[in-house]
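pasting the sequence and the predicted model now:
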4 protein chains.
Amino acid sequence: MDFQAVLDDIDAQIRPLLGTGGRVASYIPALARVSPQQFGIALRTCEGQEAAAGDATTPFSIQSMSKVFTLTLAIRGLGEALWQRIGREPSGSPFNSLVQLETERGIPRNPFINAGAIAVADRLLSLGGDEALAKVLQMLSSLCREPVHIDAEVAQSEADTGFRNAALANFMRGFGTLDNEPGRVLDVYFKQCAIAMNCQQVARAAGYLCRDGAHPYDGTPVISETQARRVNALMLTCGTYDAAGEFAFRIGLPCKSGVGGGIVAVLPDRLSLCVWSPALDGTGNSHLGRMALELFVARTGLSVF
Amino acid sequence: MDFQAVLDDIDAQIRPLLGTGGRVASYIPALARVSPQQFGIALRTCEGQEAAAGDATTPFSIQSMSKVFTLTLAIRGLGEALWQRIGREPSGSPFNSLVQLETERGIPRNPFINAGAIAVADRLLSLGGDEALAKVLQMLSSLCREPVHIDAEVAQSEADTGFRNAALANFMRGFGTLDNEPGRVLDVYFKQCAIAMNCQQVARAAGYLCRDGAHPYDGTPVISETQARRVNALMLTCGTYDAAGEFAFRIGLPCKSGVGGGIVAVLPDRLSLCVWSPALDGTGNSHLGRMALELFVARTGLSVF
Amino acid sequence: MDFQAVLDDIDAQIRPLLGTGGRVASYIPALARVSPQQFGIALRTCEGQEAAAGDATTPFSIQSMSKVFTLTLAIRGLGEALWQRIGREPSGSPFNSLVQLETERGIPRNPFINAGAIAVADRLLSLGGDEALAKVLQMLSSLCREPVHIDAEVAQSEADTGFRNAALANFMRGFGTLDNEPGRVLDVYFKQCAIAMNCQQVARAAGYLCRDGAHPYDGTPVISETQARRVNALMLTCGTYDAAGEFAFRIGLPCKSGVGGGIVAVLPDRLSLCVWSPALDGTGNSHLGRMALELFVARTGLSVF
Amino acid sequence: MDFQAVLDDIDAQIRPLLGTGGRVASYIPALARVSPQQFGIALRTCEGQEAAAGDATTPFSIQSMSKVFTLTLAIRGLGEALWQRIGREPSGSPFNSLVQLETERGIPRNPFINAGAIAVADRLLSLGGDEALAKVLQMLSSLCREPVHIDAEVAQSEADTGFRNAALANFMRGFGTLDNEPGRVLDVYFKQCAIAMNCQQVARAAGYLCRDGAHPYDGTPVISETQARRVNALMLTCGTYDAAGEFAFRIGLPCKSGVGGGIVAVLPDRLSLCVWSPALDGTGNSHLGRMALELFVARTGLSVF
């Protein structure tokens, strides 16, 4: 399939719509300043073929897309033990809700809602100590073959305004879900969300998820085949906030979105894909990124269903 | 692939476990009397190859598996309009919960929780009037090429004890989600749940879901390709009560279960499958049926992820 | 104290405000047709002194005020056993909510929310069978010394539109909270709500609550002193829907309101009082009735606090 | 009435029951070490008559009873403006729940649940800055005519283990309910809870609540008559965690309890009362303290209803 032509077409269809719908995340100044007039898309197949269009090399804040990679590191470090205090079910509630956490005695529903990702960060701290965050960056750099950095301004903004996440962390600590001090865990969490990458880098980095867990460049196992399948399953059922059902219904690919406007998607045994456009719809997912994925599926007929 | 050998192996592994875990649904006498010492499995590929093992021709109460077929009929009759008063997101709550329905002003989260299926039955009544139920049976008979009946005793038991469902129906009627009288809607709903089929019939009947919506025998469109994909997506995200995430994680196939102990599964473009064993686990899904599906996926490597 | 002068003053202050705030209950036609241009107030002291002003002898639908009297009958018939399946705590939720009922497995929070009053009606049916409703009317007639009737049109409207209450009744029946068929219980409940009385009759009928349980005219025990105190306590903590805290805070009298616009209030050892004005505020309580009670308390300094 | 004889009788009835029911609060070591074999009771009438029995001069941790006094200070400083971001309704939920806070966008239901008391502490900080806590102690010392101190060990324990309260504070800060940094607000809150007083001191200090807001010794206004009534109303509807309805039903006095085992009660225009016994029942209220209040009411016939 001529993926470059597909992405060019999508870019041509999306570009006129820039600025016409959705709103850039406004909860921190560093994100609120990003221009919504941007759209990028990039993919990489299992065989290493690449295609990209639009602003595919402009770095953006990956935000919750980081949860896929920290989950991968935690699975690699802990295996099945990771799931002792983290669930695997869709939440049916907003990503930053405390309600379910109270009903279910501090066990987050899945690793992709904020509470679950904070619990994953806690495990990375227990595994890696002060090196926890460095290990996340190392893995990402290794996967996409380029250095990856934290945007310090974004990280600071997250910390300054992250009261809801501080509530989640303290709440879980009260239930014994976290092993480390809430402040340390939040430091890792806020910084992982502030990592900056571009579409091309993310599409490459996610390559192990369509290659049965094998590193996209050197083929060494990042995680096992079963583990890679399971990360994909979690992305499909829980990866796009309250719109996971809608994404499955309309797009049919495992996806993980971030409020920076990025969405990473996987077609198992075929390719990994990243779209980015900063304006978000009411569910917190990239408005045009979502539309681009629908176009991609409609155009190629590729979906897991 | 030699599917008959695969199913025989699974049957050999499961049979010694009969009676060792889970409990038969006890809420109505007619279901409580069913012996847990039964296990059946059957599949049919897109090309028409079939395989079966164990009690694959013993009829059982399909219960909530009927929701896949009533949804299909409603989609065929209404298209996108069906979704005006029914959602498409996982509920994160028990299948018969009223809580979310109250918060979300009478709109059921998806067509596979009880409230959603009752709303679908309401649409079938509006479409088919007194023929609504006959049309469900006709479709099933057409799909599996055998006559399909309602178990009158089960239907009566459902009606006698279905106070929770009566609550859901009245609640939705109060919100304007139902167009017909709760009593009439419940009559359709209780009877569709009381349909009796065997594994082979169900595996055949679900064939259109792995054939892009085409009838498993004559190839005529039951629903469109896009619609078939979407039913599969709903089954994966919402088809197995509170365990949808866990099914996706461990099995990775669109599934719909019923408290009669059946589970229908679909591998798009490949095959449809039905397992049955009456004893249920704590999530209301067939205990050994679930195990059989895990064995099937492990043995064949087939999953959407 | 010259109560007649007090009530005349309140009437003079309230009358110019008729039609300026709140809305008449619109959920059934028979209530929606009532003119909001009406206000009545009446009281009766423990010693039998009476005062009244405004439309104090115009009959209105007592609606949820009936719950005080059915509770009284149930306490008289069952004593402490009444509380086995009905709680005594404020609900913190809307009066017709099903959420708490699900969390608390079918046990209504208190006898004044709809679910609780339906459970009380169920007990009256078990106690009195087909005479249950007649006994309610008899008690009311005896207490106010005038015949009391059901408004048949209102009762029919309640039944025609009471889907939410039907949901509550079926839900509780599913949990085993009700002993009788939901349909029979609802018939009692809808009819008790449709009883028509005027302010003077209600002020008289509630007299036993300020007289330690003794009948306002003949002094025979309606319920015991302790039981009367407890009914008053329930009225204060649970009698005015979501505004019970606000009523305690601003008025400080045990009160029970109805969506017909009536509010009955009690000052233990002193007097019973009824105000009525059909337009309701956002909490479902009579807008001007509430204001009249605030004026009464400010003017007389009478409150339990 | 010979109150000393009444209290002696109650002490004689309660003392044999010491150690027979309930459990001492165990969430912090300093409270868990307190012997349950203690019971004290003290009262002071509006006229200054005093009575006391048992361990009435043994200091204990007043915990949530402090909320009455910080509320009083905040009302004195802010008047009606206090209620802009704090409600006045019973919560229907556990005292430290976050659920309702999320549904109601950060506005605590009332000033006596933890969230509400933390919001009150925030106002005291805005009013008094670094002197906020000193002003609480000054008021208490003035009211009971003895110096009042914070138990530093208890305060430290509260801070070390108060993750749930930290969650509440951060959550409210995220919603804009708090004006000050969560850490500073929690410091005030943890320390106010760690104030140590004895029954006699508390009974004296609460004297303004039965004297229409007038200081129990010098008669100067602490708060206005209306404000005092309203504090009493809040105590009755919200003062005893999930058991407020039950307290109103069985005891019928405005009460505020603490997990240190104390309960302060008010009979308007008559007396203020404090009981203490460390073992708590399942609702977090003193098991024997509650029984002592029931005995007091049964013996004296005094209640607001």
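Everything's here; your move. Numbers count the residues shown, from 1 in each chain, chains lettered A, B, ... in the order given.

shouldn't residue A:6 be in contact with residue A:297?
No: checked against C-beta atoms under 8 Å, the pair residue A:6 and residue A:297 is beyond contact range at 10.7 Å. Backbone N, C-alpha and C define where each C-beta goes, glycine included.

show me the domain layout of chain A.
With domains defined by automatic domain parsing, chain A comprises A:3-60+A:197-300, A:65-193.

of those domains, which is nearest residue B:41?
domain A:3-60+A:197-300 (22.0 Å; C-beta to C-beta).

does that closest one reach chain B?
Yes: counting by C-beta under 8 Å from any C-beta of the partner chain, contacts between domain A:3-60+A:197-300 and chain B involve A:229-230, A:232-234, A:236-238, A:242-246, A:248-250, A:252, A:254, A:268.

okay if I get the domains of chain A as TSV plus distance to residue D:97, mean pLDDT and mean neighbour count?
Formatted as TSV, those follow (distance: least, C-beta to C-beta, whole Å; pLDDT from 0 to 100; neighbours: other C-beta atoms under 10 Å in any protein chain shown):
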stretch	distance to residue D:97	mean pLDDT	mean neighbour count
domain A:3-60+A:197-300	23	96	22
domain A:65-193	6	94	21
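
could you export these to TSV, including columns for distance to residue C:106?
Below are the domains of chain A laid out as TSV (distance: least, C-beta to C-beta, whole Å):
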stretch	distance to residue C:106
domain A:3-60+A:197-300	30
domain A:65-193	18
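
quick one: closest of those domains to chain C.
domain A:65-193 (8.8 Å; C-beta to the nearest C-beta).

host element of residue A:263?
Secondary structure from DSSP states H and E places residue A:263 in strand A:262-267.

now do that strand: which elements does it pack against?
Where contact means 3 or more C-beta pairs under 8 Å, 6 or more residues apart in numbering or on different chains; DSSP states H and E, strand A:262-267 is packed against helix A:199-205, strand A:255-257, strand A:271-276, helix A:287-300.

nearest to residue D:17, of the ones you listed?
strand A:255-257 (59.1 Å).

from the chain's centre, how far out does the closest one sit?
5 Å (C-alpha atoms, centre = their mean, to the nearest Å).

same question, stretch A:2-22
Its chain's C-alpha centre lies 21 Å from the corresponding centre of stretch A:2-22 when counted by C-alpha atoms, centre = their mean.

from residue A:13, how far off is the nearest residue to residue A:277 once chain neighbours are set aside?
Closest residue to residue A:277 apart from its sequence neighbours, by C-beta to C-beta, 6 or more residues apart in numbering or on different chains: residue A:288 at 3.9 Å. Residue A:288 sits 10 Å away from residue A:13, going by C-beta to C-beta, to the nearest Å.

identify the contacts common to these two.
Common contacts of residue A:288 and residue A:13, defined by C-beta atoms under 8 Å, 6 or more residues apart in numbering or on different chains, are absent altogether.

which SS class is the closest residue to residue A:283 other than its chain neighbours?
Leaving aside its chain neighbours, residue A:283 sits nearest to residue A:243 (4.1 Å; criterion: C-beta to C-beta, 6+ apart). Using DSSP: H, G, I helix; E, B strand; the rest coil, the structure places residue A:243 in helix.

could you do residue A:196 as well?
strand.

quick one, what contacts it?
A:59, A:60, A:61, A:62, A:148, A:149, A:150, A:151, A:154.

the third one: neighbour count?
Spelled out, that is residue A:61. As a burial measure, residue A:61 scores 30 neighbours (other C-beta atoms under 10 Å in any protein chain shown).

phi and psi next, for it.
phi -80, psi 120 (degrees, to the nearest 10).

report the contact partners of it.
A:30, A:31, A:34, A:151, A:154, A:193, A:194, A:195, A:196, A:258, A:260.

the first one reaches residue A:152, doesn't it?
Spelled out, it's residue A:30. No: between residue A:30 and residue A:152 there is no contact under C-beta under 8 Å: 9.7 Å.

and the helices in chain A?
A:3-14, A:29-32, A:66-78, A:99-103, A:114-128, A:132-144, A:152-161, A:163-175, A:182-193, A:199-205, A:225-238, A:244-250, A:287-300 (DSSP state H).

run through who's touching the second one.
Right, the one you point to is helix A:29-32. A:24, A:25, A:26, A:61, A:151, A:153, A:154, A:157, A:259, A:260, A:278.

contacting residues around the second one?
In this structure, residue A:25 makes contact with A:31, A:32, A:259, A:260, A:261, A:278, A:280, A:284, judged by C-beta under 8 Å, 6+ apart.

roughly how far does the fifth one sit from residue C:132?
To tie it back to what came earlier, the one meant is residue A:261. Counting by C-beta to C-beta - residue A:261 and residue C:132 are separated by 63 Å.

where does the stretch 51-200 of chain A come near chain D, residue by residue?
So far as C-beta under 8 Å from any C-beta goes, the stretch 51-200 of chain A lies against chain D at A:97-99, A:101-103, A:163-164, A:166-171, A:173-174, A:182.
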